[in-house]
Every structure is written in structure tokens, then in C-alpha cells.
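1. predicted structure and sequence below. I'll ask about it afterward.
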Number of protein chains: 2
Amino acid sequence: MTILIFKLSENTFIRDPQTTELGRNILQTSIKMVDKLGFEDFTFKKLATSIGSTEASIYRYFENKHKLLIYIIDWYWTWLEYKIDYHANNIKDPTERLKVYLLKLSEEKVFDPNVAYVDERALERIVSAEFEKTFLTKNVDADNKEGFFLSYKTLCKKIASVITEVNPKYEFPHSLASTILLLIKHQLYYAQHLPALSDIKYDPKNHHKRLYLFVENLVFKTIQ
Amino acid sequence: MTILIFKLSENTFIRDPQTTELGRNILQTSIKMVDKLGFEDFTFKKLATSIGSTEASIYRYFENKHKLLIYIIDWYWTWLEYKIDYHANNIKDPTERLKVYLLKLSEEKVFDPNVAYVDERALERIVSAEFEKTFLTKNVDADNKEGFFLSYKTLCKKIASVITEVNPKYEFPHSLASTILLLIKHQLYYAQHLPALSDIKYDPKNHHKRLYLFVENLVFKTIQ
DNA sequence: CCGTTATTGATAGTAATACTACTATTTAAC
DNA sequence: GTTAAATAGTAGTATTACTATCAATAACGG
């Protein structure tokens, strides 16, 4: 069995939570709690109580809850890129590779036993509902300089470069890549909560497939 | 001179701020402040101090700052739909109408003297940076039932229905419409703060035009 | 096995936030 | 002109988001 440990941006944490018992506990429990309560109602106090520790101890790992959110979402994008690379590994044809990318991006995530302390399905819901809060702040520019969004930007660039391979003349590969990354999260959220904004009906058995159809059609027609 | 007063969702406010001096002052100043401080750092206390009133007085108009944000963003979408209708008024050909819609959505907003107490350019920045925070909460379902997102959904449906007119066989008109509405806000935000995610370079004189090219191409190729 | 250091836990305290309840003042209605 | 309703202003509370201090324990090297 492989154990996955990702090297994430150094500046989001004070002490690397992947390396200690308490750290992994913080990660595991905060994912559960943010998923359940939403980021606004999630507090370090509640987290501390839930894992039988104290606020002060958690502050030794993360400066504040915003950086904890950035950390776990950074983890998600890093993990997703790893997954995508893994599956598109031997595919030479750029059109086929792009299709695999889109499939992996839009498919349902399942529990990965390689990282026992992370519930990928909860994490996926967190990314859907909270990702944009990480950069829609007055601190974007500083946070960006610190490298907090690097994994997301790397993923975006990877998709953009395959788009360019498929059609070198297409003018907006990065814009299209960032659009589909967000679109995927949003359409799933809409399906469940704001169905008027989507043609993808909430139906855990089929909506990932339908989402894929929407995205595949949109991307390939656009870059043609 | 026409004076525009929009009828917005009744449940977002306690007392209609459009009808009183203090109310309009709250609107005008909160738009300025949210734009400047960001929604997180904006408080009723600061707002009250700035307009020489008290927290309690503001609480008589809005239950909390979240509902104030919903209100001003609701105002924006209502205003935008009015603008779009105004300009697409006599256009019968659906392709041409859709083009006018996209143009109006992506163009630069300017100060509208019809509503002297609203700074549309600040409001536009607020929508770019804060809109998603209105529905990415654990209260979505309740807020949606209360009709808080009606103006946005109406606009989305209007765009979706022209898309269907252009190509009745296209399967995802609502998903496409909601995608482009968000995309427009995001690409402008990226251009300024996260340029790696976009091919639209920050340049107030030209980026709206380039944004329009990206969207027009994406929409018409997709629905073809 | 002892002493040093790192890690965690417990307790307390502060400033700011998000309200709520109550009192004072103005306005408007009959 | 008195009474009732609307509005403004004052004061207070619970919670949040930290910070600081010190004690207890585990880990580790000589």
C-alpha cells in the first residue's frame, strides 16, 4: 500500500499537520465539521472540543481558520492533479487526454484508503461550497504572492496546455480551463440547491455523467 | 429624468431602504464600504459611525449584514436585467438579441444618474467579489425558498430562453447561462488578482472587449 | 537514568463582532 | 393638545478570534 503525503505550500501552516497525530486529527475532524456546519459556523473552539483538545493547541498548527481552509483545499487540488496524471499517464493523443481530464474532473469522488485521514467526498463538498471564499478576500494579492493558490494554478495550466495542444490557435486556454474547473463545482451545487440555474438534475447516480456531457460538449465545441 | 425604484424581494429587509433618507444613506454608504473593506471586514458598527447613525437604527432596516449584501446584489441583478431589456427591446432575431445580452453583460458599467444613491461601478466590483457568498452558505435552501435569488434566476432564465430560441436542440441552456454569468465576473476578477487563471489581461480600456470575445465565442460555438 | 527540549494542555484575558433590550425623542393622528 | 406610533440612541450580552502564561508530559541524546 502506498501512503500519499503531499508537499503543500509551506506558508499556510505553522506546523505541518500531516506529520503528527494531533495534526492529522485536526485535518480529519475539520473536514467533517466544515462539511457539516459550513465554514462560517465552524470555529477552532468547536473543533478543539470535538477532538478533546484546546484552541491554543490548534493555533499552533494554523494561524487562523482561513488558512486551515486554504490548506485543506490546497490538499484537494494537489490530490486531484495527482489523480489526473495517474489516469492520463500513457495517453499521447491530446484530444483523448483532454477527455480523460474532463472525465476525472467531473466524476464522483470516492474514499481513497491511501489517505485514511481524509474523507474525499466531504472534501469535494467543501471545495464546491467554500473554495471561492479562499480567494474572494481583500488579501488575495498577498495570499497569491505567498503561493497559496499554486496547486490550483498548476492544475489550470495543465488543462490549458492540453487545450493548446488540441488547438494551438485557440486564444483563451487559461480562461476556458479556469471556467470549467469552477463550472463543475457550481453545477453540482446548483443541481442540489438552486435547480433553476442548471439543467443537471440532482441524482447522485447519474448527474456526474450528465455534467460530463455538458462540459465535454462545451469544451470541444468551443475549441473545435 | 426618470427615477428608478425597483421592487425587490420583500423578505431581505425589515423596512424598505429605498423609501427613506436614512435607508438610502445606508445603501449608498454600505456599497462604498463593502467595496473598500470587503464583506468580511464590513460591520454595521463601522457603517453606523460613517453615516453618523447607530447600529440599532441600521438593524431596523436589515436583520444582519448578510441580508444587506443579498439586498444590494439583488438590486444589481434587477438593474442589469432592466438595462438588458432596454437595449434588446426591439431586436427580433434571437442571435442578434443574444449578442446584445452578452455585450451588455460583459461591458463596463458606468454611473447611472437615474439612481443617484447607487455607485454602479463599486456595485459591479462587489458583485464580482461577493456574489457567491450570498448563496454559498448552509442557509441556501431556506434563503432560496424566501425568494432571495429570484432576480438572478430570472436573468438566468431570460438568457437561457434566448439560447433555446437560437438553438432549440441545445440541451443545457440554463447551465450555460449560469456559467457565463459567473464566468464574466470571475474573469474580470482574475485579470486583476490572479492573472495565471485568465488570458484576459488587466487593462480597463480593453479587457471588457476581450472578455466579450471570449464569451461570444464560447456561447455561439457551444450552441452552434 | 537523568536532564534538556519539544509538544501539548489548561487557564485566563482582551478586543471586536453581532446582536438585543430598553429608554428617550420626535412625529402624526384624532 | 393629548395620546399613540415610529424612530433614534444608549447600554448591555454572548460569542468569536485570538494572545499570553505556565504546568504537565513525551521524546531523545549522552
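-> Yep, it's here.
2. helix or strand for residue A:77, just tell me which one.
-> Following DSSP states H and E, the helix or strand that holds residue A:77 is helix A:65-88.
3. just read off the phi/psi values of the residue nearest to residue A:196 when sequence neighbours are not counted.
-> Distances taken as C-beta to C-beta, 6 or more residues apart in numbering or on different chains place residue B:153 nearest to residue A:196, at 4.5 Å, with adjacent residues excluded. To be clear about C-beta, it is placed using only N, CA and C from the backbone, and glycine gets the same treatment. Dihedral angles phi and psi of residue B:153 (degrees, to the nearest 10) take the values phi -60, psi -40.
4. go on, residue A:89?
-> Summarising the backbone geometry of residue A:89 under the convention degrees, to the nearest 10, its torsions are phi -40, psi -60.
5. close enough to count as contact, residue A:185 and residue A:125?
-> No. Judged on C-beta atoms under 8 Å, residue A:185 makes no contact with residue A:125 at a distance of 9.7 Å.
6. pLDDT wise, what is the one residue in chain A that gets nearest to DNA strand D at?
-> Of chain A, the residue with the smallest distance to DNA strand D, taken as C-beta to the nearest atom of the strand, is residue A:64 at 2.9 Å. Per-residue confidence for residue A:64 comes out at a pLDDT of 94.
7. tally up the residues packed near it, please.
-> Here the number of neighbours of residue A:64 (other C-beta atoms under 10 Å in any protein chain shown) works out to 11.
8. for residue A:45, same thing?
-> 11.
9. that one is in contact with residue A:54, isn't it?
-> No. With contact taken as C-beta under 8 Å, residue A:45 and residue A:54 are classed as non-touching, separated by 9.1 Å.
10. so what sits against both of those two?
-> Applying C-beta atoms under 8 Å, 6 or more residues apart in numbering or on different chains, one finds that no residue jointly contacts residue A:45 and residue A:54.
11. buried residues in the helix holding residue A:77?
-> With burial defined by 16 or more other C-beta atoms under 10 Å in any protein chain shown, the residues of helix A:65-88 counted as buried are A:65-81, A:83-84, A:88.
12. do a quick rundown of the helices in chain A.
-> A:21-37, A:44-51, A:55-59, A:65-88, A:94-106, A:120-135, A:140-145, A:150-166, A:173-193, A:207-223 (DSSP state H).
13. just the ones you listed: most buried one?
-> helix A:173-193 (a mean of 23; mean count of other C-beta atoms under 10 Å in any protein chain shown).
14. other SSEs contacting it?
-> helix A:94-106, helix A:120-135, helix A:150-166, helix A:207-223, helix B:140-145, helix B:173-193, helix B:207-223 (3 or more C-beta pairs under 8 Å, 6 or more residues apart in numbering or on different chains; DSSP states H and E).
15. what mean pLDDT does that helix have?
-> Per-residue pLDDT values across helix A:173-193 average out to 97.
16. again with stretch A:145-157
-> 96.
17. using CSV, list the CA coordinates for that stretch.
-> Written as CSV, here are the backbone C-alpha positions of stretch A:145-157 (Å, rounded to 0.1, in the frame of the first residue of the first chain):
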residue,chain,number,x,y,z
LYS,A,145,2.3,36.1,-3.6
GLU,A,146,2.7,33.7,-0.7
GLY,A,147,1.8,30.9,-3.1
PHE,A,148,-1.4,29.8,-1.5
PHE,A,149,-3.1,29.1,-4.9
LEU,A,150,-0.3,27.4,-6.6
SER,A,151,-1.8,23.9,-6.8
TYR,A,152,-5.0,25.3,-8.4
LYS,A,153,-3.0,27.4,-10.8
THR,A,154,-0.8,24.5,-11.7
LEU,A,155,-3.9,22.3,-12.5
CYS,A,156,-5.4,25.2,-14.5
LYS,A,157,-2.2,25.5,-16.5
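18. contact partners of it?
-> Here stretch A:145-157 makes contact (C-beta under 8 Å, 6+ apart) with A:8-12, A:70, A:74, A:77-78, A:80-81, A:84, A:134-135, A:143, A:174, A:177-178, A:181, B:194, B:196-197.
19. please go through those and note which also touch DNA strand C.
-> Subset of the contacts of stretch A:145-157 in contact with DNA strand C: empty, counting by C-beta under 7 Å from any atom of the strand.
20. on that earlier part again, ok, which of the helices of chain A comes nearest residue B:202?
-> When these are ranked by proximity to residue B:202, the top entry is helix A:140-145, at 11.9 Å, counting by C-beta to C-beta.
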